[in-house]
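Engineer: fold the stuff below for me.
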Amino acid sequence: MKWSDGKPVTSRDLEFWFNLVKADKADWGSYSVGAMPDNVKRFEVVDDDHTVRLHLDRAYNPDWFTANQLTLIRALPQHAWDATTDGGRVGDHDRTTKGAKAVFARLTRHAKSLGSYGSDPLWTTVNGPGKPAGWRDGGQVRSGRAPAVPNCTRSPVCRRT
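Structural biologist: Numbering: from 1, shown residues only. The predicted structure is shown next:
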């Protein structure tokens, strides 16, 4: 799988998400005390670029953990979003708490501007067949086809413009 800019989606993109959420868990909408990310003692990126290993604080029912914790994990384009300021250098800022907080704050500022989802360059890096084409504050969403999805035919998003 690739991002719409042609870069591969890797385990680093999962680590990026985890670092942002861990540093800013109180501001993350899915946070519940004692659950993700609190129950992960260590998030390990395995050498193959496609595998992560979560070291948990204790044993959990695998069905519960899969359905209620693993489903929260998202790949975010670290190579495109890991900057602390608009126009700033993309780096490994998320690997420190201070940097992760700055990146999270920047992304949150952009996310609050719902009406600009279709035009804000930040949101153009996606990893599926659709990309935001428009979003109104009242909740209306328009999707468009992401540029790097060749022969897209299965998803309804592919047929939209």
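
Engineer: mind listing the helices for this protein?
Structural biologist: 11-23, 62-68, 78-81, 97-111 (DSSP state H).

Engineer: determine which stretch of the ones you listed is the most buried.
Structural biologist: Most buried of the helices of the chain by mean neighbour count (mean count of other Cβ atoms under 10 Å) is helix 11-23; its value is a mean of 22. Any C-beta I mention is one placed from the backbone N, CA and C, and that applies to glycine too.

Engineer: Thr125 is nearest to which of the helices of the chain?
Structural biologist: Taking Cβ to Cβ, helix 78-81 is the member of the helices of the chain nearest to Thr125, at 4.2 Å.

Engineer: tell me where the model's unsure across the protein.
Structural biologist: Low-confidence segments of the chain (pLDDT under 70): 129-137, 139, 141, 145-161.

Engineer: center of the chain, which residue is that?
Structural biologist: Leu76 (2.8 Å; Cα atoms, centre = their mean).

Engineer: what are the phi and psi values at that one?
Structural biologist: Leu76 has phi and psi values of phi -120, psi 140 when expressed as degrees, to the nearest 10.

Engineer: coming back round to it: now render the helices of the chain as JSON lines, adding distance to Asp5.
Structural biologist: Compiled in JSON lines, these are given as follows (distance: least, Cβ to Cβ, whole Å):
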{"stretch": "helix 11-23", "distance to Asp5": "13"}
{"stretch": "helix 62-68", "distance to Asp5": "31"}
{"stretch": "helix 78-81", "distance to Asp5": "7"}
{"stretch": "helix 97-111", "distance to Asp5": "17"}
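
Engineer: who wins for proximity to Ser30 among these?
Structural biologist: Comparing these by Cβ to Cβ, helix 11-23 comes nearest, at 8.2 Å.

Engineer: ok, Ala57 - contacts?
Structural biologist: If you look again at residue 57, you'll see it is Asp, not Ala. When contacts are counted by Cβ atoms under 8 Å, 6 or more residues apart in numbering, Asp57 is found next to Asp38, Asn39, Val40, Lys41.

Engineer: for Ala83, see how far away the third one is.
Structural biologist: Per Cβ to Cβ, to the nearest Å, Val40 is found 25 Å from Ala83.

Engineer: and if you look at Ser116?
Structural biologist: For Ser116, the distance to Ala83 equals 17 Å [Cβ to Cβ].

Engineer: returning to that earlier point: so which of the helices of the chain is nearest Gly87?
Structural biologist: Smallest distance to Gly87 across the helices of the chain (Cβ to Cβ): 10.6 Å, for helix 97-111.
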